[in-house]
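[1] coords please:
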Amino acid sequence: MQHKKIFAIPKPAWVALLMSNLAYAWWLKIEIGSFRGWTVVDLSSDLSMSLPTFLAIVQFALFALTVDMLMRLMIISVNQRLAKGQIPLIAVTALSIVIYGLIGLVGFILLYDHGLTHILATTGALGVGAFFIFREWIADVTASIQIQTDHLAGINDFLLMSGEKGAVKVIQIDHRMITMQTDTRYVIRMPARLFLNLKYINLSRQPEKRGTLRRISFKLTTGNNSSRVLETMETAMKYLVSKDHRFLPKYVCHVEQIEGGEIGYAVGYECDPSLTQNASNNIVFTRLLHIFRAAAINLGSDVEITTTAEAVPEAQQRLMDIYHSSVLKVLDEYQVEELSSNVKIMRYESGEQLIRKGELAESMYFISEGHLEVSIKDNEGNDKVVATLWPGDCVGEMSLLTGEPRSANVFARSKVVLLELTKDHLAPIFEESPKLIEEISHILTERNLINEKALSSASGHHEKANQIKALAHKIFTFFFGAKT
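    Numbering: from 1, shown residues only. Take a look at the predicted model:
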């Protein structure tokens, strides 16, 4: 919890303040004949503000200030030793009021020279009246102290209120009011006593990290295989969780309803409460759309599915759907259409190994559905996962493009659909678009640097540029020999 800074004078200044109490008492002894200024004053018989009366009041005030500063220094010292459970400012303020009130009451008794019973009766009656008049104010202050000392809520905490869809953020806690902000930036101010009666979940104070619960839903035609759609949704959410730390690995994808030739799907997920609902839903929808397109999931009508299936082969359609988000984005659309006519679909089950280190091969793959893991041996000979590949990524390209053996092992971590391209398919495209060689060289270099980093090696920016240039030259030489 973040608290406002507690004011206190430095310790040397407090020592000086304590010494000033002693010096003042000594001076009173010289000036009025007593260390205790109140002993020569009786306001019950004389209410005039004489010099002794004024000096006695100053002595009480000086003593009260000294006790208050001592209390504040002690609390600051305690808070510095506590990472959690610190004493909030409002509790310190309340203690200061009590200190000044008690010393003031004692001073009232001593200056008027009244009997203790009479004084207590009078102040008791006044106290009951004051409590009745200020009962709501006292209740708010007491509730605010309880909220902060019991750590029910703190500044920047996110709260999920009962019956509300979105979380609210606590932006201020003062002596009476709790101020919160909704994800639509509306500000709510509430008396602390009313806040205590609310039912809520403090998302920021859970034993394990939790987020606000959100949900999206959409409909697709019954022409799509519902099991395949759900698997693709799972892949999309896994990808999102792995790439964006604001989304937690707590989600569920399910069929919601079937109506009028359409199937309703829904995704329930948890995300950081700092994300507005519109922002988080937009991110999830965008990721789903990207993965759906890569998997050639039809987003339109049954008529569209029939027409597409008759006019365009599945492999060609899949490649056309993902090329904008893959390394092929440097190609023109007609070049991708030409390349897609040679695409072959490969399917693997979860756990199957599709690439083995050391093998020679003449093919590379684009991921259309599912996700893969790339592993290499570390310096101690143990398998280490260095990359997770998702729809739109390419894999196996190093051997195909350079003629070198496979440099890593690749496993399917879900049901995957891959699009296979061979050297013979790529050669005409490379010859026509050298930019693709540069793009693939950049991706390969980035991946190599990630692998080296995983094995505790490092490369500078200049070295990276040299690696890209050398790799591009190697690919060009492998495909076209000494041709320049």
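
[2] how does the protein divide into domains?
    By the assignment in automatic domain parsing, the chain contains the domains 11-133, 158-205, 212-310, 326-480.

[3] can you list those in JSON lines and add distance to Gln317?
    From N, CA and C alone the C-beta is placed, and that goes for glycine too. Conversion of these to JSON lines gives the following (distance: least, C-beta to C-beta, whole Å):
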{"stretch": "domain 11-133", "distance to Gln317": "56"}
{"stretch": "domain 158-205", "distance to Gln317": "38"}
{"stretch": "domain 212-310", "distance to Gln317": "5"}
{"stretch": "domain 326-480", "distance to Gln317": "8"}
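
[4] So which of those is nearest Gln316?
    domain 326-480 (4.0 Å; C-beta to C-beta).

[5] contacting residues for the spatially closest residue to Ser350 that is not a sequence neighbour?
    For Ser350, ignoring the flanking residues on the chain, the nearest one in space by C-beta to C-beta, 6 or more residues apart in numbering is Ser414 at 5.1 Å. Neighbouring residues of Ser414 by C-beta atoms under 8 Å, 6 or more residues apart in numbering: Glu231, Glu234, Thr235, Lys238, Ser350, Gly370, His371.

[6] would you put the C-alpha positions of the helix or strand encompassing the fourth one in CSV?
    Counting by DSSP states H and E, the element that carries Lys238 is helix 226-243. Taking only C-alpha atoms (Å, rounded to 0.1, in the frame of the first residue of the first chain), the coordinates of helix 226-243 have been written out as CSV:
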residue,chain,number,x,y,z
SER,A,226,-16.7,-26.6,-34.2
SER,A,227,-14.0,-28.8,-32.7
ARG,A,228,-11.5,-27.2,-35.0
VAL,A,229,-12.7,-23.7,-34.2
LEU,A,230,-12.3,-24.4,-30.5
GLU,A,231,-8.8,-25.8,-31.0
THR,A,232,-7.9,-22.7,-33.0
MET,A,233,-9.4,-20.4,-30.2
GLU,A,234,-7.2,-22.3,-27.6
THR,A,235,-4.1,-21.7,-29.8
ALA,A,236,-5.0,-18.0,-30.1
MET,A,237,-5.3,-17.6,-26.3
LYS,A,238,-2.1,-19.5,-25.7
TYR,A,239,-0.3,-17.2,-28.1
LEU,A,240,-1.8,-14.1,-26.5
VAL,A,241,-0.9,-15.2,-23.0
SER,A,242,2.7,-16.0,-24.1
LYS,A,243,3.2,-12.6,-25.8
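
[7] Quick check, pLDDT for Leu70.
    According to the prediction, Leu70 has pLDDT 93.

[8] how far is whichever strand or helix holds it from where the chain is centred?
    Per DSSP H and E: Leu70 is located in helix 51-81. Counting by C-alpha atoms, centre = their mean, to the nearest Å, helix 51-81 is centred 43 Å from the centre of its parent chain.

[9] Packing partners of the helix or strand just after that helix?
    Per DSSP H and E, the first helix or strand lying C-terminal to helix 51-81 is helix 89-112. With contacts taken as 3 or more C-beta pairs under 8 Å, 6 or more residues apart in numbering; DSSP states H and E, helix 89-112 sits against helix 51-81, helix 116-133, helix 135-149.

[10] So which other helices or strands are in contact with the shortest one?
    Same thing as helix 135-149. Using 3+ C-beta pairs under 8 Å, 6+ apart, helix 135-149 sits against helix 89-112, strand 167-173, strand 177-181, strand 187-191, helix 192-195.

[11] Now mean pLDDT, distance to Asn225 and mean neighbour count too, for those, in TSV please.
    Formatted as TSV, these follow (pLDDT from 0 to 100; distance: least, C-beta to C-beta, whole Å; neighbours: other C-beta atoms under 10 Å):
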stretch	mean pLDDT	distance to Asn225	mean neighbour count
helix 89-112	81	60	16
strand 167-173	90	36	20
strand 177-181	92	44	18
strand 187-191	92	46	13
helix 192-195	90	50	20
